[in-house]
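Q: any chance you could fold what I've pasted below:
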Amino acid sequence: MSARHDAWDRLAQVSAPTLVLHGSDDRMSPVSNAHAIGGRIPAARVEVTEGGRHGFFDEFSDTITPRVAAFLAGAP
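A: The predicted model follows:
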């Protein structure tokens, strides 16, 4: 259950390249959470999809999928 999961103190230990993606209109998880997580992970990149809701990765798959693929391939 995610309500009992707390990894906040461990985020600063993440050493892998990290891309935090979030939708600006997510009503289940505020976009401020993405910025908080991204700010806690060293050198994380936060990208917010304008108009994206909780399932933004499906809604905007035509732009999200290439962004994720480029990140995984090591593109800036």
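
Q: residue 47 and residue 6: what is the separation?
A: Distance from residue 47 to residue 6, counting by C-beta to C-beta, to the nearest Å: 24 Å. Where C-beta positions appear, they are placed from N, C-alpha and C, glycine not excepted.

Q: out of those two, which sits in the busier spot?
A: residue 47 (14 against 8; other C-beta atoms under 10 Å).

Q: list the beta-bridge partners for that one.
A: In this structure, residue 47 bridges to residue 21 when assessed by DSSP bridges.

Q: so what's it up against?
A: 19, 20, 21, 22, 67 (C-beta atoms under 8 Å, 6 or more residues apart in numbering).

Q: and residue 37, what does it touch?
A: Contacts of residue 37 (C-beta under 8 Å, 6+ apart): 11, 20, 44, 46.

Q: okay if I get the residues you listed as JSON lines plus distance to residue 37 and pLDDT?
A: Shown next, in JSON lines, are the contacts of residue 37 (distance: C-beta to C-beta, whole Å; pLDDT from 0 to 100):
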{"residue": "11", "distance to residue 37": "6", "pLDDT": "96"}
{"residue": "20", "distance to residue 37": "6", "pLDDT": "98"}
{"residue": "44", "distance to residue 37": "7", "pLDDT": "97"}
{"residue": "46", "distance to residue 37": "8", "pLDDT": "98"}
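
Q: so what touches the longest helix along the chain?
A: Longest helix in the chain by number of residues (criterion: DSSP state H): helix 61-73. Here helix 61-73 makes contact (C-beta under 8 Å, 6+ apart) with 17, 19, 21, 45, 47, 49, 56, 57.

Q: cutoff 10 Å now
A: In this structure, residues lying in contact with helix 61-73 by C-beta atoms under 10 Å, 6 or more residues apart in numbering are 17-19, 21, 23, 45, 47, 49, 52, 55-58, 60, 75-76.

Q: neighbour-wise, give me the winner out of the residues you listed.
A: Among these, residue 23 has the most neighbours (other C-beta under 10 Å), with 23 neighbours.
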